[in-house]
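Visitor: got a sequence here, can you model it:
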Amino acid sequence: SERDVMAAVEEIVAKSSGRVIVTTFSSHIHRLQNFIRVAEKFNRRVVIEGRSMVKNTQIAQELGYLEAKQPLVNAEDISELQDDKVVFLCTGSQGQPMAALSTLASGTHRKISLRPSDTLILS
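Guide: The predicted structure is shown next:
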């Protein structure tokens, strides 16, 4: 169930000392909302990365289906945030070659580089 998934995610985020990078379907608004709630619970800012993720979260917020206590952040604006205060929601859960996760994995992402302390969640 979604509750079981989020319990596992909470445990992972609680133990993570670095950034948490989550890839999931950008159309699964309910799950995105749950990830935002987990991030807020652990005082982490949510960074949205990937064209469809940005588009879908903006539309969902405009329609009132997605709420965040703090504004969602773009990857360009994270330089002042500590690694343990960030959760990325990004595209690429199906291994699409040009999605954010694939470019991160190959080291070709133009804004973000993976770090040894990062935790990746495939959802």
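
Visitor: check what pLDDT the residue nearest to Ser123 when sequence neighbours are not counted gets.
Guide: Among residues not flanking Ser123 along the chain, Thr24 sits closest, at 4.0 Å (CB to CB, 6 or more residues apart in numbering). In short, each C-beta sits where N, CA and C put it, glycine included. pLDDT, Thr24: 90.

Visitor: residues contacting Thr24?
Guide: Arg31, Leu32, Phe35, Leu89, Ser93, Ser123 (CB atoms under 8 Å, 6 or more residues apart in numbering).

Visitor: the third one: neighbour count?
Guide: Looking back up the chat, that one is Phe35. Neighbours of Phe35 under the rule other CB atoms under 10 Å: 23.

Visitor: ramachandran angles for the spatially most central residue of the chain?
Guide: Residue closest to the average C-alpha location in the chain (CA atoms, centre = their mean): Leu89, at 1.8 Å. Dihedral angles of Leu89 (phi, psi; degrees, to the nearest 10) stand at phi -110, psi 120.
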